[in-house]
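Novice: what's the 3D shape of this:
(one chain, ligands or ions: 1)
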Amino acid sequence: MKVAVVGVTGVVGETILRVLETRPVAITSMDAFASRARTETVAFRGRDLPILAATPQALREGAYDAVFFASSDDASAELTQPSVEGGAVVIDNSATFRMTPGVPLVVPEVNPDAVRSSHRIFPVANCTAIVLTMGVAPIERTAGLRSVRVATYQAVSGAGRAGLEALAAEELSAFDDVEIEGTSPFVAPIFRNVIPQVGSFDANGDSGEERKVVEETRKILGLSDLHVAATTVRVPVRFAHSEAVFVETERETDVAELSRAFEKAPGIVFHGSDIVTPREVEGEDRVHVARLRAEGESRRHFQLWVVGDQTRKGAATNAVQILELLVERGLTGRRAALRAHAS
Ligand SMILES: NC(=O)c1ccc[n+]([C@@H]2O[C@H](COP(=O)([O-])OP(=O)(O)OC[C@H]3O[C@@H](n4cnc5c(N)ncnc54)[C@H](OP(=O)(O)O)[C@@H]3O)[C@@H](O)[C@H]2O)c1
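Specialist: Have a look, this model is predicted:
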């Protein structure tokens, strides 16, 4: 299979290469793209790949079977169609196509059946929404969901390389009295702080991240009327988003029944009533669920603590899993592209 990754100099693009190295995806050639060509190379499966400039022509003429996008909304909007015209399935980490009607938003452990043979564009959902849906899907399958409320504690790497660099610069400045270089993607200092704003606010006072969590959670779970409320917060953690989640179920259940559901849920590490912290989850593909408990005597209201490395399961790993699902179903390659274009 001929594969390309657009955005290899970024946090998610680099992680896609690393995740692909750990999984048995049959790749015959890999091309690495960024906004411009570089003299440096990136490593993949023992080879040094040149970094190429991503252009519509390169992505069309590359005739790839699969193209991963880990760049920007604008780049995905410009380069997806040429990639599809060249015969590729596009697996896109940007927000560009997530809420487009008829485009599936797939979290393979949650809604693998959303995939159709006519689909060629597969957005990867917002990282916070992926971690959240992984955490609530076992509850939904057990007792249905009436509402989901979440407060998040989001890592700086969620804002890409610029987020990691801003925290590092502020740490250096505080400890070594080094002057801060570069601009921060955050609206306030992040070192020794928490910032209750991720994205810009709308007229209702909701942030961009909060709107994505609400809309995408409903779409992934296939529950368009589900009540979802979110407050998203940036914290000075390098990797892995944590989420305090409050659910109301449709039917009565209890902690024992929900615990059994979490123990057998794919992609979940269940810690019962114990704790887990983002430092322990950094670099992990699975989502961790901890502190499961009922609200008092309630058989319908429960709380849990969910942690997932948003660069892995919240982005790169979910993207690679989508490719694996498509390969398993025979939906990559020339013939699949022709069938999809004809349908
Ligand atoms: N970070 C996360 O945890 C996370 C999680 C889920 C989804 N996402 C999404 O994943 C995407 C990448 O995020 P990131 O955090 O990895 O960002 P990042 O660290 O800032 O990296 C961005 C990458 O995109 C490339 N790029 C920018 N504009 C481009 C263009 N016009 N054409 C080709 N490449 C271009 C950059 O290349 P240059 O170096 O040449 O500029 C760089 O390789 C974004 O859409 C983001 O919303 C991120």
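
Novice: can you count the residues close to whichever residue of the chain sits closest to the ligand?
Specialist: For the chain and the ligand, the shortest gap (C-beta to the nearest ligand atom) falls at G10, measuring 2.0 Å. C-beta: built from backbone N, CA, C; applies to glycine. By other C-beta atoms under 10 Å, 21 other residues sit near G10.

Novice: I'd say it and F68 touch.
Specialist: No - using C-beta atoms under 8 Å, G10 is not in contact with F68, being 11.4 Å away.

Novice: the closest residue to A63 other than its chain neighbours and A4, how far apart?
Specialist: Excluding the flanking residues, the one nearest A63 by C-beta to C-beta, 6 or more residues apart in numbering is G86, at 4.8 Å. Applying C-beta to C-beta, to the nearest Å, the value for G86 to A4 is 10 Å.

Novice: please say which of those two ends up with more neighbours.
Specialist: Set side by side, G86 and A4 show more neighbours around A4, with 26 against 21, by other C-beta under 10 Å.

Novice: in the sheet, who's paired with that one?
Specialist: On the basis of DSSP bridges, A4 is bridged to D31, V67.

Novice: strands along the chain, start to end?
Specialist: 2-6, 29-34, 41-44, 47-53, 66-69, 89-92, 121-123, 145-153, 227-231, 241-249, 268-270, 287-294, 301-308 (DSSP state E).

Novice: for the third one, which positions count as buried?
Specialist: For strand 41-44, the neighbour count (16 or more other C-beta atoms under 10 Å) marks 42, 44 as buried.

Novice: let the chain start at 27 from now.
Specialist: All set: I'll call the first residue 27, so the last point we hit is now strand 67-70.

Novice: what lines up beside it in the sheet?
Specialist: strand 73-79 (antiparallel).

Novice: in PDB, could you pull the C-alpha coordinates for the strand it pairs with?
Specialist: Output of strand 73-79 as PDB, limited to C-alpha atoms (Å, rounded to 0.1, in the frame of the first residue of the first chain):
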ATOM      1  CA  ARG A  73      14.600   4.700   6.500                       C
ATOM      2  CA  ASP A  74      15.200   8.400   6.300                       C
ATOM      3  CA  LEU A  75      12.400  10.100   4.300                       C
ATOM      4  CA  PRO A  76      12.800  13.500   2.700                       C
ATOM      5  CA  ILE A  77      10.200  16.100   3.800                       C
ATOM      6  CA  LEU A  78       8.300  17.200   0.700                       C
ATOM      7  CA  ALA A  79       6.100  20.300   0.100                       C
END
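
Novice: what angle sits between it and strand 55-60?
Specialist: 50 degrees (axes from the mean of the first three to the mean of the last three C-alpha atoms, to 10 degrees).

Novice: hmm, strand 73-79 touching the ligand?
Specialist: No - using C-beta under 6 Å from any ligand atom, strand 73-79 stays clear of the ligand, coming no nearer than 7.7 Å.

Novice: so for that strand, what's the average pLDDT?
Specialist: Confidence for strand 73-79, expressed as mean pLDDT, is 98.

Novice: can you give me the angle it makes with strand 28-32?
Specialist: Interaxial angle, strand 73-79 versus strand 28-32 (the same axes, to 10 degrees): 60 degrees.

Novice: next, the buried residues of strand 73-79.
Specialist: Buried residues in strand 73-79, counted by 16+ other C-beta under 10 Å: 75, 77-78.

Novice: what does the stretch 177-326 of the chain have sitting close to the ligand?
Specialist: So far as C-beta under 6 Å from any ligand atom goes, the stretch 177-326 of the chain lies against the ligand at 183-184, 186-188.

Novice: restricted to buried residues, select those residues in ChimeraX.
Specialist: Filtering those down to the buried ones (16+ other C-beta under 10 Å) takes a single ChimeraX command:
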select :183,184,186,188
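
Novice: coming back round to it: ok, the residue nearest to A89 touching A92?
Specialist: No - because the distance of 10.9 Å does not satisfy C-beta under 8 Å, G112 is recorded as not touching A92.

Novice: what's the local residue count around R167?
Specialist: Neighbour tally, R167, other C-beta under 10 Å: 12.

Novice: no wait, G208
Specialist: G208: 9 neighbours (other C-beta under 10 Å).

Novice: swap in S210?
Specialist: 19.

Novice: what of A101?
Specialist: Around A101 there are 20 residues (other C-beta under 10 Å).

Novice: can you pull the contacts of it?
Specialist: The contact partners of A101, taken as C-beta atoms under 8 Å, 6 or more residues apart in numbering, are 32-33, 61, 80, 95, 120.
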